[in-house]
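*Asks:* Build me a model:
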Amino acid sequence: AVPVVAGHTPSARFRVTNLEGHAVTVRPRATATPGLSVSTAAAPVRIPAHGSVTVPVAVSVAEGTSTGTVTLTAGARSARIPAEVTGNLVRVATMSASSTHSGSDPAWANDGGTDSEVWLNGVGGWNDDTAGDFPDTLTATWAAPVSLGRVRVLTLDSGRSPASKVGLRDFDVEALVDGDWRTVATVRGNTAGTVERTFGPVPASALRLVVRDSNDHKYSRVMELEGYGT
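*Replies:* Residues are numbered from 1 along each chain as shown. Sure, this is the predicted structure:
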């Protein structure tokens, strides 16, 4: 699903493939269910023989809309994906980290998945790659500043791996405001799977989780990082 946040215009990305033995030119057309607005480049797209191109579709949402579908039609074929309307601004941010354990890409920490039971060798969340070496950082960056006033940090917390044994213990949450990192939340001695903090809204161009220690004193394990306006 493509995440859609009010006031922001993310892109749904469709891959259009040419199965013919010669190049073809198509003019992709995007449509959406009521409550969603979509747009894509008006120019025709040339696809080489047996090749493919990615077509981005900008998506915006009207107030009161909770779900919908985006459809791209190219030639005689169409493809559709669901649109997930959310207030979580981190869903439309670009993720990065100080280090990454194999199979634990930072992008897993803003994909909307919050079920720790799917965690297997890092899949389903972010895991750093420097055992016993802190601090570790996980960063969400926006193309333009957003107003942030609440954060939720979800660490690994499953039946097999409870937060009290392997989750984040000590960490800070920082917002990048006018080029300077500002601490907006400080947590120490945590044993819970989910931690939520509110603060006075700030115009942030990035949100950074700084992990000082974990309950096993080895790795930083984040299932999901979330940020909201209020």
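*Asks:* what sits against residue 97?
*Replies:* 106, 126, 128, 136-139 (CB atoms under 8 Å, 6 or more residues apart in numbering). The C-beta positions use only the backbone N, C-alpha and C, and glycine is treated the same way.
*Asks:* what does the average pLDDT come to for the helix or strand harbouring residue 80?
*Replies:* Assessed by DSSP states H and E, residue 80 sits inside strand 77-85. Computed over strand 77-85, the mean pLDDT rounds to 91.
*Asks:* quick revisit: of all the contacts of residue 97, which two lie farthest apart?
*Replies:* 128 and 139 (12.4 Å; CB to CB).
*Asks:* These two: which is more packed in?
*Replies:* Neighbours per residue (other CB atoms under 10 Å) separate residue 128 from residue 139, with residue 128 holding more: 26 against 19.
*Asks:* gap between the one helix or strand in the chain whose mean pLDDT sits lowest and the chain center?
*Replies:* Averaged element by element with mean pLDDT, DSSP states H and E, the chain has its least confident helix or strand at strand 2-4 (a mean of 86). Distance of strand 2-4 from the chain centroid (CA atoms, centre = their mean, to the nearest Å) equals 9 Å.
*Asks:* what's that strand in contact with?
*Replies:* 10-12, 36, 59-61, 68, 70, 81-86, 88, 91-92, 112.
*Asks:* pLDDT below threshold where in this protein?
*Replies:* For the chain, the stretches with pLDDT under 70 are 121-123.
*Asks:* residue nearest the centroid of it?
*Replies:* Among the residues of the chain, the one closest to the centroid is residue 110, at 2.8 Å (CA atoms, centre = their mean).
*Asks:* I figured that residue was touching residue 225, is that so?
*Replies:* Yes - when contacts are counted by CB atoms under 8 Å, residue 110 is listed as touching residue 225 (6.2 Å).
*Asks:* Spell out which residues are contacts of both of those two.
*Replies:* With CB under 8 Å, 6+ apart, residue 110 and residue 225 have common neighbours 90, 95, 140.
*Asks:* Mind listing the residues bridging to the last one?
*Replies:* Residue 140 forms beta bridges with residue 95, residue 207, as assigned by DSSP bridges.
*Asks:* and it, what is it in contact with?
*Replies:* Contacts of residue 140 by CB under 8 Å, 6+ apart are 90, 93-95, 110, 206-208, 225, 227.
*Asks:* And it, how far from residue 190?
*Replies:* Applying CB to CB, to the nearest Å, the value for residue 140 to residue 190 is 20 Å.
*Asks:* residue boundaries of the helices in this protein?
*Replies:* For the chain, the helices defined by DSSP state H cover 163-166.
*Asks:* neighbouring contacts of the strand holding residue 80?
*Replies:* With CB under 8 Å, 6+ apart as the criterion, strand 77-85 contacts 1-6, 12, 14, 32-33, 36, 59, 61, 65-72, 91, 112.
*Asks:* Among those, which are located in strands?
*Replies:* 2-4, 12, 14, 32, 36, 59, 61, 67-72 (DSSP state E).
*Asks:* which among those residues gets closest to residue 165?
*Replies:* Distances from residue 165 to the ones in strands among the contacts of strand 77-85, taken by CB to CB, are shortest for residue 3, at 31.2 Å.
*Asks:* For the residue nearest to the closest one when sequence neighbours are not counted, which residues are in contact?
*Replies:* Once flanking residues are discounted, residue 3 sits nearest to residue 91: 3.7 Å by CB to CB, 6 or more residues apart in numbering. Neighbouring residues of residue 91 by CB under 8 Å, 6+ apart: 3, 5, 84, 110, 112.
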